[in-house]
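Structure for this input, please:
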Amino acid sequence: MNNNTVKKIATITGWVALGISVLLAVIYYVGIGNEVKVAANVNLLMNWTQILLIVIIVFAFLIGPILSVLTNPKSLVKGLISIGVLGIIILFAFIFAKADVTTVNLLYEIEGLQQKLKFTEVGLISFYIIASLTILAILLSEIKSLLKL
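I've put the predicted structure just below:
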């Protein structure tokens, strides 16, 4: 399957999803005023949102990378390197994350609080590292482009 066919299928699918979303939004707004219809329409919109989210996740994380690897096998190596670097960053963040329970948290008994604090800290440290690396990459790219004048 060539890229033009994939692009046509993606475009048509996107327009169909947009059309269904607009239709459901109109149905929702027509039902306002009747509480039973509003509740049913909210459930309908929530179900549609869940379907769209599942489809997006499947395409973004399964079908897209598979098609990318089939069309460009060298991209698999770059993808694996990226996953490895991300894993190292998360491992580094996990090593340095602390699960200290503060006095504010001691006021409430929360089940599994230390584990939640540890994962939150891992997420924050990972974010800080990735954001710092991104800013550094932007700065280095700008410096490199200025030196090529």
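
For the longest helix that the chain contains, buried residues please.
The longest helix of the chain (DSSP state H) is helix 113-147. For helix 113-147, a neighbour-count test (16 or more other CB atoms under 10 Å) marks 117, 118, 121, 122, 125, 126, 129 as buried. For glycine as for every other residue, the C-beta is placed from the backbone atoms N, C-alpha and C.

Could you do stretch 20-37 as well?
So for stretch 20-37, counting by 16+ other CB under 10 Å, buried means 24, 28, 31.

Can you tell me which of the residues you listed lies closest to residue 84?
Distances from residue 84 to the buried residues of stretch 20-37, taken as CB to CB, are shortest for residue 24 (41.7 Å).

Tell me the spacing between the closest one and residue 30.
For residue 24, the distance to residue 30 equals 11 Å [CB to CB, to the nearest Å].

Same check on residue 138?
Distance, residue 138 to residue 30, by CB to CB: 48 Å.
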